[in-house]
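Engineer: Could you look at this predicted model? Sequence included:
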Amino acid sequence: MSVRPPYSRGRSRKTVFSGDKRMAKKIPKRHTIEVKETKWDILIWLGTFIVLGFVIMFALYSYHGVEREMAAQFNREQGLLAQQTAMGIEQYMHDITNSLSLTAHIKGVSNGDREAIDTSVQNLYNSLKSKVAFVFWEDASGIMRFHYPHQLLPGIDGRDFSFRTYFRVAKELNVPYVSDIIMVGGEQYYDIPGRFETFVISFPLKGDDGTFHGVIGCAIDLTNITAHYVAPIRPSKSGYVWMLDETGMILYHPNPKWLGLNLKDIIIGLKKDGYKISGVDTISDAMTLKNDGMYEFVFPSYPDKEPVKKLLAFSSVHFLNRRWITISTSPYSEVISLMSGTFRNTLVLGSVSIGFVLIATITMLRINRARATASERNKWADRVLVAHKRMETIFNGVPHYLAMIDAAFTIADINQRLCDLYGKKREDVIDKHCSLDFSENERICNTKLVEKCFKTGRIVTERDTRVDIGGKPYFFDMSAIPLFGSKGEVDYVVQYAVDITEKKALTEKLIQAEKLAAVGQMSAHVAHEIRNPLTSVLLHSELLEDELKEFDKNEEALELVKIIKEEIDRLSQVTDEYLSYARLPHPKKQLVDPHIEVSSVLAMLLPELKRRDIDTSVICPEKLSNIMIDRGQFKQLLINLIKNAEDAMPSGGSLEISLMGIKDNFLLLVKDTGYGIPPEITRRIFDPYFTTKDNGTGLGLALVQYIANAHDGWVDVESQKGTGSTFIFSVPFHEEPEKEKAEA
């Protein structure tokens, strides 16, 4: 864009001069200019689409290149993980074989001294008991003379195991040997309880004179190996590590059905079942020929049965005559998921950029058609620059809150918008600990969210999070974004918060307003329809009462008429309450001293409170500003909250009313010691007609919320079942105009 305008200006200037000259000579030739301009338009459009096509193709090519590199890098890390696992197992097995070798070369042991062998076998087990199942000695005839611990496999001592390969190899070749998986205790010795399958390691005992005195050996605890070195390893969210031996038999896999099976048999079975797998034969051959390797293949990822593209890395474990293979696998989709999200964002940004390019192209065409002068084109350039700066300013002014936290939970940086929200200076916040240097009500960091991001290394999001700042509730969509260092570890976490308080409040107000409007209309209609028949019934009951009074011995009938009139009065009160809710007028705000109004309402309700054995107290600071509110509606709100507290304490209790100011807001707290509100209904208590009382209408707290919303305030409740409730009502204090302040 910075190179093209001079070129465009030169071409436009030439076209204008040429066009003016033709127009001066002969007017009918103007169509030649239009033809040239049309050709110029076509060239511009063609060039634009070529550039855009090249950009899109380059972006796709770059994306696939980065994706391949990311997968290769991840597989290299998987390879290191497989190597570390293999090294751990190899060291584990070397500790066992070294201990066996040292014991076999003790002079008394190698010469067949039973007492020395017995002591050495016990000492050997004590040093290896966390790694082996048991340790044993078989004499030169293959008879197991004793094993340790004795309580394992009782009855095995004295049995002949000369047929075992590990014994024959040690005897005939005079070398240590690791067996295949065998039935420890012997397949034919059914009377030995607790037999199990595992590997056995044997070392020959050769005396100074070359006489063979049997073998000492141990049974490997394979479960312990896999539990410590294989099962806990997770290369990715659903990735896992598994292990097989040099023959292809699976020693460990998350799928217990595959244990003991040969990998090639599993591959053949999957192909017969119609699963589309690929690359596994190549990997199987590579495991036979190589010690390490990294590959891509299509194979089921346990516990799912459907084949998916996966990344695999393996490494070998060598000890004595055995070779095991540790294999680390992860789904390809998990590895590139972050890249896919980044590409989508890049695609959106690219689409916006393409839109800007198209707009710029159209603008250039319009400028070319208009054959504007150089000064006009400069004005357009200035306007575009100003528009660009405005867009940049608007983008940077989006109301988001940012804080950067390091691994020690210290605030490394913070943006000015977040400082203004908490009323703090940047220098008072930076380098301060998230928890230790701030009180609980002033903490800027969401420590749980940040800690989870540090642990997982992934973006963590919480929606609709409530935070009380300066006594005022705010709601945020919060995200914690990890920043990785050169070693691949999370060095910093960016806490990113979007304020949704106004949006949430507006949504709730709209929903509540719709509920109130619908309920109000229904209440007015129902109350009106009921009220007329009630008046007629009351009139006739009074006439009936007058008639009954003229006759003697009608006390029972008069009592029934009295009950009818009382029930009619109760129904009239209910309909009046519905009508008052439906016809609640628009508030007429005036300056009100909240302390005086609270005292007035409390004095009016005090006899009823004393009758119910409820103790009352009012807490109010000496200086409390007036509030701008409808006096009648404020009293109605107080009466409803106090009566609600009365109903929550049928057996008496304490009622505490607190008045306070926090910054620019007035707070009224009504606290009772009643039975509390269950958590599952806390958010429904302000809904019209919702009540848990036998004779309640469900309108008292709905009126309280209506009055709070009508005065730009809010009402909320804090309660735990069995410990009472606290209702909180808040409205802004009245701000006196500057003239009134000056006069005062």
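Structural biologist: Yep, it's here.
Engineer: and the gap between residue 627 and residue 48?
Structural biologist: 63 Å (CB to CB, to the nearest Å). C-beta coordinates here come from the backbone N, C-alpha and C atoms, glycine included.
Engineer: Neighbour count: the two, which is higher?
Structural biologist: Using other CB atoms under 10 Å as the criterion, residue 627 and residue 48 rank with residue 627 on top: 24 against 18.
Engineer: give the contact list for that one.
Structural biologist: Residues near residue 627 by CB atoms under 8 Å, 6 or more residues apart in numbering: 591, 592, 594, 666, 731, 732, 733, 734.
Engineer: before we move on, which element is the residue lying closest to it once chain neighbours are set aside in?
Structural biologist: Nearest non-adjacent residue to residue 627, counting by CB to CB, 6 or more residues apart in numbering: residue 666, 5.0 Å away. If you go by DSSP states H and E, residue 666 is part of strand 665-672.
Engineer: how about the helices in the stretch 601-744 of the chain?
Structural biologist: 631-648, 700-710, 738-743 (DSSP state H, counting those that start in this stretch).
Engineer: After the longest helix along the chain, which helix or strand is next?
Structural biologist: With secondary structure taken from DSSP state H, the chain has its longest helix at helix 30-104. With elements assigned by DSSP H and E, the helix or strand that comes after helix 30-104 is helix 107-110.
Engineer: Now do the buried residues in the next helix or strand after that following helix.
Structural biologist: Using DSSP H and E, the helix or strand that directly follows helix 107-110 along the chain is helix 114-128. For helix 114-128, the neighbour count (16 or more other CB atoms under 10 Å) marks 116, 117, 120, 121, 124, 125, 127, 128 as buried.
Engineer: Would you mind writing the ChimeraX command to select the buried ones in the contacts of residue 627?
Structural biologist: To isolate the buried subset of the contacts of residue 627 in ChimeraX, counting by 16+ other CB under 10 Å, use the following:
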select :592,594,666,731,733
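Engineer: For the contacts of residue 627, give me JSON lines that also has pLDDT and distance to residue 477.
Structural biologist: JSON lines is the format used below for the contacts of residue 627 (pLDDT from 0 to 100; distance: CB to CB, whole Å):
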{"residue": "591", "pLDDT": "92", "distance to residue 477": "39"}
{"residue": "592", "pLDDT": "92", "distance to residue 477": "37"}
{"residue": "594", "pLDDT": "92", "distance to residue 477": "35"}
{"residue": "666", "pLDDT": "93", "distance to residue 477": "29"}
{"residue": "731", "pLDDT": "92", "distance to residue 477": "27"}
{"residue": "732", "pLDDT": "90", "distance to residue 477": "26"}
{"residue": "733", "pLDDT": "86", "distance to residue 477": "30"}
{"residue": "734", "pLDDT": "75", "distance to residue 477": "33"}
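Engineer: where are the low-confidence patches of the stretch 401-550 of the chain?
Structural biologist: Scanning the stretch 401-550 of the chain for pLDDT under 70 picks out 509-510, 512-529, 531-532, 534.
Engineer: Show me the strands in it, by range?
Structural biologist: Assigned by DSSP state E, counting those that start in this stretch, the stretch 401-550 of the chain shows strands spanning 411-414, 460-469, 472-484, 490-499.
Engineer: Out of those strands, the one nearest residue 382 is which?
Structural biologist: Closest approach to residue 382 among these is made by strand 490-499 (34.3 Å; CB to CB).
Engineer: How about the contacts made by the residue lying closest to residue 332 once chain neighbours are set aside?
Structural biologist: Leaving aside its sequence neighbours, residue 332 sits nearest to residue 309 (CB to CB, 6+ apart; 4.1 Å). Residue 309 sits next to 296, 297, 298, 331, 332, 333 when contact means CB under 8 Å, 6+ apart.
Engineer: Looks to me like residue 309 is in a strand.
Structural biologist: Yes. Secondary structure of residue 309 (DSSP: H, G, I helix; E, B strand; the rest coil): part of a strand.
Engineer: And residue 438, how close does it get to residue 536?
Structural biologist: Distance, residue 438 to residue 536, by CB to CB: 68 Å.
Engineer: And for residue 69?
Structural biologist: Residue 69 is 88 Å from residue 536, by CB to CB.
Engineer: Now for residue 716: which residues touch it?
Structural biologist: With the criterion set at CB under 8 Å, 6+ apart, residue 716 makes contact with 473, 727, 728.
Engineer: Narrow these to those that are buried.
Structural biologist: 727, 728.
Engineer: of the contacts of residue 716, closest to residue 542?
Structural biologist: For these, the residue nearest residue 542 by CB to CB is residue 727; the value is 41.4 Å.
Engineer: What about the residue lying closest to the closest one once chain neighbours are set aside, how many residues nearby?
Structural biologist: Excluding the flanking residues, the one nearest residue 727 by CB to CB, 6+ apart is residue 670, at 4.7 Å. Close neighbours of residue 670, defined as other CB under 10 Å, add up to 23.
Engineer: wouldn't residue 670 be in contact with residue 718 here?
Structural biologist: No. Residue 670 lies out of contact with residue 718 (CB atoms under 8 Å); the separation is 11.2 Å.
Engineer: Identify the contacts common to these two.
Structural biologist: Joint contacts of residue 670 and residue 718 (CB under 8 Å, 6+ apart) are residue 726.
Engineer: How much space separates the residue nearest to residue 727 from residue 587?
Structural biologist: Per CB to CB, residue 670 is found 20 Å from residue 587.
Engineer: One more: residue 420?
Structural biologist: For residue 420, the distance to residue 587 equals 32 Å [CB to CB].
Engineer: The two - which one has more neighbours?
Structural biologist: Neighbours per residue (other CB under 10 Å) separate residue 420 from residue 587, with residue 587 holding more: 17 against 11.
Engineer: Mind checking what secondary structure that one has?
Structural biologist: Assignment for residue 587 (three-state DSSP): coil.
Engineer: Which pLDDT value goes with it?
Structural biologist: Here, the pLDDT recorded for residue 587 equals 81.
Engineer: Provide the count of other residues in contact range of residue 188.
Structural biologist: Applying other CB under 10 Å, I find that residue 188 has 11 neighbouring residues.
Engineer: Many thanks, we can stop here.
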